[in-house]
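1. Next comes the sequence, and after it the predicted model I'd like to discuss.
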Amino acid sequence: MVPELSVVIPMYNEEEVLPLLVQRLRPLLDGMGTTYEVVAVDDGSKDLTAALLQRYHREWSQLRVVRLRANAGHQAAISAGLASALGDYVVTLDADLQDPPEIIPRMLSAAKTDGVDVVYGVRNDRSSDTWFKRASAQAFYRLIGLMSQTSAHADAGDYRLMSRATVDAVNSLPEHNRVLRFIVPALNFPSDTVEYKRDQRAAGDSKYPLMKMVKLSLDSLTGFSTAPLRLATFAGFGGAVVAVLLVLYTLISRSQGHTVAGWTSTVAIVAAVGAVQLVCVGILGEYIGRMYAHMQGRPTYFIAYDSMTAEAGDRGPTDTPLPAHPHPENLQTDTVRPGLDGAPAQPQSARLHEAESTQLRG
């Protein structure tokens, strides 16, 4: 039976926050009175995330585990979840609990009541974020709005509800390095918003350091705007005009017997022109790189395991539900995590052993 609601959650090394997520999400979805599935996409985690997901999957039939063979990145993991989700409505939610799952019922109600295809979760209070993150986010969204025709909400991240028509439209796009927070608004489907307060990360560390944020910004800018290419064109025209004026100045100075400016000005001009050329070449390289990646046609992710197809007997010879050789430091970790629905807590090493034994018996 096709569920009415799918909740896609990308995860990467989320062993600390995963029990807290399950404790909040499962009672919420069970109480909504609708059929649902939770698609947990393990983005090649190196900790005990895979083992914990297997344990929760045995206790929670609606939890579906999709594990990527290697770390593909946050946006690629969401794309894998969207391609796997079966629901009439699909919610994308991060595992860190900064975006509260408690507003999912409001999102679903808004989609049904207003007849919209997309409901964005918009943060009306970002006091939990640092000043730098708030300022850089505002500046980035303003820049994207000026340089492209895509109008994304400045305080909306990847927390959204989408109709099946929207998900199918996103899945049909051949684009690589997709940034969903701009792709979905670019579809221009009817939408609504639900506001909420952004919380602190419940546990664990942020998976979006500065360099990943810079890469996401470059992918967004080159994926949704040709303004950088036009900037290179304008710079080229400006350089040509300056060059013509310099030639005229040189000819006039020579005809009047004046001495032409010395080597300092010459070096400065050559350096300035060279700098403009390098910037233009770099911008062109960004777009050529995207064209090259698209022409290669390489998938942005590889699914190693899907609990739904595994239980249906469709597992292939390369399916690997759990890491074959967990890291020794993980095996020595006996930190007690809360159990599911009040179940007795177990050390992580014991849960890992239990999950592996079950897989071997299966």
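-> Yep, that arrived.
2. Show me the helices in the stretch 51-200 of the chain, by range?
-> With DSSP state H, counting those that start in this stretch, the ranges of helices along the stretch 51-200 of the chain come out as 74-84, 104-114, 131-147, 164-172, 180-187.
3. Let me know which of the ones you listed is tucked in deepest.
-> Looking across those with neighbours counted as mean count of other Cβ atoms under 10 Å, the highest average goes to helix 74-84: a mean of 22. For glycine as for every other residue, the C-beta is placed from the backbone atoms N, C-alpha and C.
4. could you give the angle of that one to helix 180-187?
-> When axes from the mean of the first three to the mean of the last three Cα atoms, to 10 degrees is applied, the directions of helix 74-84 and helix 180-187 differ by 60 degrees.
5. Does anything pack onto helix 74-84? Which helices or strands?
-> Packing contacts for helix 74-84, counted by 3 or more Cβ pairs under 8 Å, 6 or more residues apart in numbering; DSSP states H and E, involve strand 5-11, strand 36-42, strand 63-68, strand 89-92, helix 164-172, helix 180-187, helix 210-224, strand 303-306.
6. Can you report the mean pLDDT over the residues of that helix?
-> Per-residue pLDDT values over helix 74-84 give a mean of 93.
7. contacts for it?
-> Contact with helix 74-84 is made by 8-12, 39, 41, 43, 64, 66, 68, 72, 90, 92, 158, 167, 170-171, 177-180, 207-208, 212, 216, 219, 300-301, 303, 306, as judged by Cβ atoms under 8 Å, 6 or more residues apart in numbering.
8. are any of those residues buried, and which?
-> For these, a burial check counting by 16 or more other Cβ atoms under 10 Å picks out 8-12, 39, 41, 43, 64, 66, 68, 72, 90, 92, 158, 167, 170, 177-180, 207, 216, 219, 300-301, 303, 306.
9. residues contacting the closest residue to Thr92 other than its chain neighbours?
-> Among residues not flanking Thr92 along the chain, Val8 sits closest, at 4.9 Å (Cβ to Cβ, 6 or more residues apart in numbering). Val8 makes contacts with 39, 41, 78, 81-82, 84-85, 90-93, as judged by Cβ under 8 Å, 6+ apart.
10. Now tabulate the residues you listed in CSV and tack on distance to Leu108.
-> Converted to CSV, the contacts of Val8 look like this (distance: Cβ to Cβ, whole Å):
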residue, distance to Leu108
Val39, 16
Val41, 21
Ile78, 19
Gly81, 18
Leu82, 17
Ser84, 20
Ala85, 14
Val90, 11
Val91, 8
Thr92, 14
Leu93, 13
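11. before we move on, back to that, the helices of the stretch 51-200 of the chain: lowest mean pLDDT?
-> Ranked by mean pLDDT, these end with helix 131-147 at the bottom, a mean of 69.
12. Mark out where each domain of the chain begins and ends.
-> Using automatic domain parsing, the domain ranges for the chain come out as 5-224+299-361, 227-296.
13. separation between Gly238 and Arg201?
-> In this view, Gly238 and Arg201 are 46 Å apart by Cβ to Cβ, to the nearest Å.
14. and what of Pro3?
-> Pro3 sits at a distance of 28 Å from Arg201 (criterion: Cβ to Cβ).
15. out of those two, which sits in the busier spot?
-> Set Pro3 next to Arg201 and count neighbours by other Cβ atoms under 10 Å: Pro3 wins out with 19 against 16.
16. So that one sits against Glu37, correct?
-> Yes. With contacts counted by Cβ atoms under 8 Å, Pro3 reaches Glu37, the gap being 4.7 Å.
17. any shared contact partners between those two?
-> By Cβ under 8 Å, 6+ apart, Pro3 and Glu37 have these common neighbours: 62, 86-87.
18. Filter the residues you listed down to the buried ones and express that as a ChimeraX selection.
-> With 16+ other Cβ under 10 Å as the criterion, this ChimeraX line picks the buried residues out of those:
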select :62,87
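19. And the shared contacts of Pro3 and Glu37, which is closest to Leu246?
-> Distance to Leu246 across the shared contacts of Pro3 and Glu37 (Cβ to Cβ) is lowest for Gly87, with 64.2 Å.
20. and the closest residue to Leu218 other than its chain neighbours, what helix or strand is that in?
-> Nearest-residue entry for Leu218: Glu286, 6.6 Å, with adjacent residues in sequence omitted and distances by Cβ to Cβ, 6+ apart. Using DSSP states H and E, the element containing Glu286 is helix 263-296.
21. Would you mind checking the average pLDDT for that helix?
-> Here helix 263-296 scores 70 as its mean pLDDT.
22. Counting neighbours, what do you get for Arg160?
-> When neighbours are counted by other Cβ under 10 Å, Arg160 registers 26.
23. so it makes contact with Val116?
-> No. Using Cβ under 8 Å, Arg160 makes no contact with Val116, being 11.2 Å away.
24. list the helices and strands the helix or strand harbouring Leu21 packs on?
-> Using DSSP H and E, Leu21 sits in helix 18-30. Using 3+ Cβ pairs under 8 Å, 6+ apart, the elements in contact with helix 18-30 are strand 5-11, strand 36-42, helix 49-59, helix 104-114.
25. Need the CA coordinates for stretch 274-288. CSV is fine.
-> Coordinates of each C-alpha in stretch 274-288 appear next as CSV, following Å, rounded to 0.1, in the frame of the first residue of the first chain:
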residue,chain,number,x,y,z
GLY,A,274,45.6,39.9,-16.0
ALA,A,275,43.6,39.8,-12.8
VAL,A,276,40.4,40.4,-14.7
GLN,A,277,41.3,37.7,-17.2
LEU,A,278,42.0,35.2,-14.5
VAL,A,279,38.7,36.0,-12.8
CYS,A,280,36.9,35.5,-16.1
VAL,A,281,38.7,32.3,-16.8
GLY,A,282,37.8,31.0,-13.3
ILE,A,283,34.1,31.8,-13.8
LEU,A,284,34.1,30.1,-17.2
GLY,A,285,35.8,27.1,-15.6
GLU,A,286,33.0,26.8,-13.1
TYR,A,287,30.5,26.4,-15.9
ILE,A,288,32.7,24.2,-18.0
